[in-house]
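Q: Quick one, fold the following:
(one chain, ligands or ions: 2)
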Amino acid sequence: MEFSQRIVIETSKAEWLPSPSGTVFRKPLERAAPETGHATSIVRYEAGASFQSHSHPMGEEIFVMEGVFSDETGDYPAGTYIRNPPGSAHSPFSKEGCTLFVKLHQFHPEDLSKIIINTNDPQGWRPGHGGLRVYPLHSFHTEGTALVWWPANEKFLPHRHYGGEEILILSGVFQDEYGEYPKGTWLRSPHLSVHHPYVSEETLILVKTGHLSTEY
Ligand SMILES: [Fe+2]
Ligand SMILES: [Fe+2]
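A: Ligands and ions are numbered 1, 2, ... in the order given. Modelled structure (predicted):
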């Protein structure tokens, strides 16, 4: 929870920890306090798993990494981006099992829009810098969230992160001058940090920017 620090977690090497549901497991990445408040985690539902009905007083953001995630509003396959706004509630489950990236209790209090985007729909991709392709998912005030697809051997410009940057590598290997980050790595870079990213192989990342310096 020390947002001035750069953090790299290779989540594929982290251990699954139990949750209040015996069929749902988590790898905590950042957490203010157990079961309440700000938390970012990788979450796994076993086939047939369900989680107790719960509310999200400060919102819940989900990216479905594998499998199919469900709640009473529908079934969401891998590649779905979901924002459940402050005050929302649901009873989630998964028939076949799923792996999720979940950010809980981190919404701006005025960010009340419900968003569900299936990024398997190719229409959402936009051209980015060089050979990059960008799939915009959400923006509010300074905060932005997108998928970014890198072709093999692509290099981006050196840049500074106003409001920080958070990256989850969904496939391939992301690189910068500080290291190599294989699929499953979670990277959090503080406000005003600098790097020069590139890739050797085709790589897909989930990127959030501009959300790490504002106190609500
Ligand atoms: Fe939830
Ligand atoms: Fe960056």
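Q: beta partners for residue 145?
A: Per DSSP bridges, the residues bridged to residue 145 are residue 138, residue 208.
Q: Surely it and residue 208 touch.
A: Yes - Residue 145 lies in contact with residue 208 (CB atoms under 8 Å); the separation is 4.9 Å. The C-beta positions use only the backbone N, C-alpha and C, and glycine is treated the same way.
Q: Assumed residue 152 was part of a strand.
A: No - in this structure, residue 152 is coil, not part of a strand, as judged by DSSP: H, G, I helix; E, B strand; the rest coil.
Q: shaky segments in the protein?
A: Low-confidence segments of the chain (pLDDT under 70): 35-36, 214-216.
Q: Quick check: closest non-adjacent residue to the residue most central in space within the chain.
A: The chain has residue 101 as the residue nearest its centroid, 5.0 Å off, counting by CA atoms, centre = their mean. Leaving aside its sequence neighbours, residue 101 sits nearest to residue 63 (CB to CB, 6 or more residues apart in numbering; 4.4 Å).
Q: Report the buried residues of the helix or strand harbouring the one you found.
A: Per DSSP states H and E, residue 63 falls inside strand 60-71. By neighbour count on 16 or more other CB atoms under 10 Å, the buried set for strand 60-71 is 60-65, 67-71.
Q: cool, and stretch 77-97?
A: Under 16+ other CB under 10 Å, the buried positions of stretch 77-97 are 77-86, 88, 90, 92-94, 97.
Q: now do stretch 172-185
A: Residues of stretch 172-185 classed as buried: 172-176, 181, 183-185 (neighbour count, 16+ other CB under 10 Å).
Q: Same question for stretch 101-117.
A: Buried positions in stretch 101-117, judged by neighbour count with 16+ other CB under 10 Å: 101-108, 111, 117.
Q: now do stretch 207-216
A: 207-212.
Q: Then stretch 183-202?
A: Those would be 183-191, 193, 195, 197, 199, for stretch 183-202 by 16+ other CB under 10 Å.
Q: just checking, which of these belong to strands?
A: Among the buried residues of stretch 183-202, the members found in strands (DSSP state E) are 185-189, 193, 195.
Q: Go through those residues and name the one nearest residue 38.
A: residue 188 (12.7 Å; CB to CB).
Q: Who are the contact partners of the closest one?
A: Counting by CB atoms under 8 Å, 6 or more residues apart in numbering, residue 188 makes contact with 3, 5-8, 30, 164-167, 212.
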